[in-house]
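S.K.: the amino acid sequence is not available; the structure is as follows:
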């Protein structure tokens with residue numbers, strides 16, 4: 001029986017329902033690995049840049065100053081912001097598959113080129129392009145993942161994907177230790193090999209992505225219903241063979257108006273007026289979690305060095321427990337976002353994260369923590385906070401209409417990155433410079449308070465999106481009413 005029917009410029013289809021009712025399969029796992037690698041790459045890039053800072057200052061390498069190293073990090077983040085917005089708009093207009101291939105090629109080419117930098121200017125230019133690739137990846141990838149993954153597990157899967165940022169951070173830290181090991185490579189070559197790691201990983205994933213199809217949902221609204229039907233039929237065949245069962249009958253159809261692209265005026269109307277409350281929610285969740293993470297991460301080394309006398313050479317070792325807490329929080333708690341519900345879990349993790357940081361900060365102020373108990377406290381805080389931060393990305397990827405999903409993800413990712421990459425370092429850089437335990441305490445409290453504000457915003461404006469199709473959460477702009 002045909003599942004796609006044309007009527008003038010409208011198409012009637014049950015394709016979204018067919019995708020959402022599928023049981024998890026090997027095909028879904030392949031898609032998640034091929035697309036979700038973006039978060040790991042971002043964690044890898046950020047950690048590598050920090051780990052190599054000391055080497056890049058040497059005259060035999062690039063001879064960069066502290067100010068230039070800091071500026072190169074800012075340039076990377078600005079590249080991510082520009083790439084997210086530019087590629088975010090393009091992914092809605094040109095398609096998910098075309099963009100997640102283009103952005104990955106840009107990333108792996110730029111990070112490989114970074115290994116051949118010859119001075120500060122070339123290094124910064126290649127880092128800006130690397131950031132643009134990563135920023136563009138977020139918009140294209142999160143759109144594609146949410147539109148291909150069954151509704152019943154979308155929350156858990158998204159949170160697990162987001163948590164792999166910390167797996168990448170751990171990989172970057174470990175890789176830097178290996179390539180910079182005394183005697184293994186010449187000083188001027190080790191850091192170059194380090195930047196080649198991301199390119200190698202990206203090249204492998206590029207071949208995997210070749211087998212990931214275009215989003216059938218995107219194809220439908222762009223008048224390519226025949227292609228959408230063929231892709232979904234192939235997916236159903238693979239899933240049915242994997243489970244050796246007859247698939248359940250889908251329920252519900254959708255009427256969509258086909259169009260080549262969505263006008264900018266319609267995008268503005270949707271985000272600024274029709275879905276204004278959701279835009280406020282997305283902005284609040286992204287920015288508050290960005291400041292929260294900066295409260296600890298931008299003071300991380302200072303606390304260990306100044307207050308616990310940890311040798312500088314051992315700082316990297318203390319990243320491991322922090323990464324473990326961030327990695328396993330979403331993995332172990334993610335299922336609750338699909339069962340207990342989005343609003344309860346998002347609000348709960350945001351508010352609990354803020355309260356836990358405030359409590360740990362009080363003990364820090366009272367000088368009642370050792371380096372071990374301080375590390376354990378941060379592990380507990382970020383076990384919860386990582387789920388909260390990941391849920392911000394989940395939220396902005398599922399509460400906006402299909403036609404503007406990529407751009408919405410990009411805009412709010414850019415907001416969080418800009419706040420975290422520009423305002424956050426400025427604020428906490430000043431706090432670090434004071435060397436005051438009291439000032440640091442109040443810096444932590446500011447981050448904790450903002451996280452609570454994010455949680456309360458979720459209570460006020462949150463959307464019960466668990467186990468629901470994307471179309472029922474937010475009807476496409478082109479749907480017939």
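M.R.: Cool, got the structure. The shown structure was predicted, so the numbers you read here are calculated from the model rather than taken from an experiment.
S.K.: and stretch 96-110, how far from the chain's centre?
M.R.: In terms of Cα atoms, centre = their mean, to the nearest Å, the centre of stretch 96-110 is found 16 Å from the chain centre.
S.K.: show the average pLDDT along it.
M.R.: Here stretch 96-110 scores 92 as its mean pLDDT.
S.K.: residues in contact with it?
M.R.: Stretch 96-110 is contacted by residues 35, 41, 83, 87, 90-91, 126-127, 129-130, 132-134, 136-137, 139-141, 143-144, 147, 198-199, 202-203, 205-206, 209-210, 212-215, 218, 406 when judged by Cβ atoms under 8 Å, 6 or more residues apart in numbering. Bear in mind the C-beta positions are built from the backbone N, C-alpha and C, glycine included.
S.K.: in helices, which of those appear?
M.R.: Of these, the ones assigned to helices by DSSP state H are 35, 41, 83, 87, 90-91, 126-127, 129-130, 132-134, 136-137, 139-141, 143-144, 147, 198-199, 202-203, 205-206, 209, 218, 406.
S.K.: now, of those residues, which are buried?
M.R.: Using 16 or more other Cβ atoms under 10 Å as the burial test, the ones in helices among the contacts of stretch 96-110 include 35, 41, 83, 87, 90-91, 126-127, 129-130, 132-134, 136-137, 139-141, 143-144, 147, 198-199, 202, 205-206, 209, 218, 406 as buried.
S.K.: helix or strand for the residue nearest to residue 90 when sequence neighbours are not counted, which one?
M.R.: Spatially, and ignoring its direct neighbours in sequence, residue 90 is nearest to residue 99 (5.7 Å; Cβ to Cβ, 6 or more residues apart in numbering). Residue 99 is part of helix 96-114, with elements assigned from DSSP states H and E.
S.K.: can you give me the neighbour number for residue 344?
M.R.: Residues near residue 344, counting by other Cβ atoms under 10 Å, number 16.
S.K.: that one: which element?
M.R.: Per DSSP H and E: residue 344 is located in helix 342-365.
S.K.: for that helix, the averaged confidence score.
M.R.: Regarding helix 342-365, the rounded mean pLDDT is 97.
S.K.: please apply the same query to stretch 173-188.
M.R.: On average, stretch 173-188 scores 71.
S.K.: now stretch 195-205
M.R.: 84.
S.K.: and for stretch 443-460?
M.R.: Stretch 443-460 comes out at a mean pLDDT of 95.
S.K.: tell me the buried residues in it?
M.R.: Buried, per 16+ other Cβ under 10 Å, within stretch 443-460: 443-458.
S.K.: what does stretch 219-236 give?
M.R.: Here stretch 219-236 shows 219-225, 228-229, 231-232, 235-236 as buried, counting by 16+ other Cβ under 10 Å.
S.K.: need those residues in JSON lines (columns: pLDDT).
M.R.: Formatted as JSON lines, these follow (pLDDT from 0 to 100):
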{"residue": "219", "pLDDT": "94"}
{"residue": "220", "pLDDT": "91"}
{"residue": "221", "pLDDT": "90"}
{"residue": "222", "pLDDT": "90"}
{"residue": "223", "pLDDT": "88"}
{"residue": "224", "pLDDT": "91"}
{"residue": "225", "pLDDT": "90"}
{"residue": "228", "pLDDT": "94"}
{"residue": "229", "pLDDT": "95"}
{"residue": "231", "pLDDT": "96"}
{"residue": "232", "pLDDT": "96"}
{"residue": "235", "pLDDT": "95"}
{"residue": "236", "pLDDT": "95"}
